[in-house]
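Visitor: One predicted model, sequence on top.
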Amino acid sequence: MSTTPSSAPDASAAQLIEKSKFLAANRAVTEHLSPTYRHIGIGSGSTVIHVVDVISKLGANITSPMTFYPTGDQSRDLIQAAGFRLGYISDLSPGHALDVCFDGADEVDPCLNLIKGGGACLLQEKLVATAARKFVCVADSRKISNHLGTAWKKGIPIEVFPMAVPQVLGELERLGSLSAQVRSGLPGKAGACVTDNGLRIVDAVFKPLLTELPEGKQEGEEGVWTVDGLARRLIEIPGVAEHGLFYGKSGLEVESGGAQKPVAAYFGMEDGSVMVQTLEKGLVKA
Ligand SMILES: O=C[C@H](O)[C@H](O)[C@H](O)COP(=O)(O)O
């Protein structure tokens, strides 16, 4: 049986999504990359490909004085393929901040909390985002959400030391995770997914995460958590290197860097428009 009739709409839907990612990237770079900047963080995933493409089109006059810092193997390759100067955050002197970091997300809530790590990158992403004075998120409309865990249903990605996996799985169950499993490698690769840091990813599904606890409720009661409550609890588990919840203060509140939440999230919409979400204005047309 031919697959053409059913695959054709899928192909055009995928093209629309790619176009929307490009539009969001274009807007984010236009509004947040000053030509005076010298140190730029580049995140991971399919949306960031458009970010690099847009920056590249600015031309060497603008980009050659800049150094670009990757969040993993994929973004390192993107930076090199674009002919940009590559730097590593491990070479930054203490207290030295990047000017801006652009990265994608798997889900974004109204407080700009994020789930990241759907592509197995999160530890280096958190390091680069928090090393930047300004973290800007770029995504498409599928990532907009009222509560983390409702749009991205595969679970919170957690980067775990291999020897700690059984203990971490047990602890996640105790915390009320509805399902927690070690992520498999790519199709055709036997065994688990191995991160750029040589670690494993555990995907842990929880009930949708709240931004505030209902009155009289305790964190974790009946498996109900706030983003902040669960994020703090997860990082306390021995054997967890990092998790994919980006939470806490936003870049606007921490001017010198150190914020996990972006100053703004740009979403490419299917109708060709771009929406931008900030703490001050909420979700509005860019
Ligand atoms: O692990 C991957 C990263 O956190 C990505 O930034 C995230 O998964 C979003 O990726 P994409 O832009 O492909 O949706």
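Guide: Thanks, I have it.
Visitor: CA only for contacts and neighbour counts going forward, please
Guide: Noted.
Visitor: and residue 142, how many neighbours?
Guide: Residue 142: 16 surrounding residues under other CA atoms under 10 Å.
Visitor: Are we agreed that it is in a helix?
Guide: Yes: counting by DSSP: H, G, I helix; E, B strand; the rest coil, residue 142 is part of a helix.
Visitor: how far away is it from residue 49?
Guide: For residue 142, the distance to residue 49 (CA to CA, to the nearest Å) stands at 18 Å.
Visitor: how deep is the nearest residue to residue 26 once chain neighbours are set aside tucked in, by neighbour count?
Guide: Leaving aside its chain neighbours, residue 26 sits nearest to residue 54 (6.0 Å; criterion: CA to CA, 6 or more residues apart in numbering). Close neighbours of residue 54, defined as other CA under 10 Å, add up to 19.
Visitor: mean confidence for stretch 170-188?
Guide: Regarding stretch 170-188, the rounded mean pLDDT is 94.
Visitor: picking up where we left off before, what helix or strand is the residue nearest to residue 26 located in?
Guide: helix 46-56 (DSSP states H and E).
Visitor: who in the stretch 1-150 of the chain is up against the ligand?
Guide: For the stretch 1-150 of the chain, the residues in contact with the ligand (CA under 6 Å from any ligand atom) are 44-47, 103-106, 116-122.
Visitor: looking at those, which has the most residues close by?
Guide: Neighbour counts for those (other CA under 10 Å) peak at residue 104, which has 31 neighbours.
Visitor: got a pLDDT number for that one?
Guide: 98.
Visitor: Quick check: chain neighbours aside, which residue is closest to it?
Guide: Excluding the flanking residues, the one nearest residue 104 by CA to CA, 6+ apart is residue 138, at 4.9 Å.
Visitor: Residue 283 now?
Guide: Spatial nearest neighbour of residue 283, excluding adjacent residues (CA to CA, 6+ apart): residue 277 at 4.2 Å.
Visitor: what are the bridge partners for that neighbour, then?
Guide: In this entry, residue 277 is beta-bridged to residue 265, residue 283, by DSSP bridges.
Visitor: burial of it, as a residue count?
Guide: Neighbourhood size, residue 277 [other CA under 10 Å]: 24.
Visitor: Assess the claim that it and residue 261 are in contact.
Guide: No: judged on CA atoms under 8 Å, residue 277 makes no contact with residue 261 at a distance of 11.8 Å.
Visitor: Quick check: neighbours shared by the two?
Guide: Here residue 277 and residue 261 have residue 112 as joint contacts, going by CA atoms under 8 Å, 6 or more residues apart in numbering.
Visitor: residues touching residue 199, list them.
Guide: Applying CA under 8 Å, 6+ apart to residue 199 gives the contacts 159-162.
Visitor: I misspoke; the intended subject was residue 268.
Guide: Applying CA under 8 Å, 6+ apart, we find residue 268 in contact with 17, 19-24, 139-141, 274-275.
Visitor: likewise residue 264?
Guide: With contacts defined as CA under 8 Å, 6+ apart, the neighbours of residue 264 are 112, 135-137, 276-279.
Visitor: please redo it, this time with the cut-off set to 6 Å
Guide: Residues near residue 264 by CA atoms under 6 Å, 6 or more residues apart in numbering: 136, 277-278.
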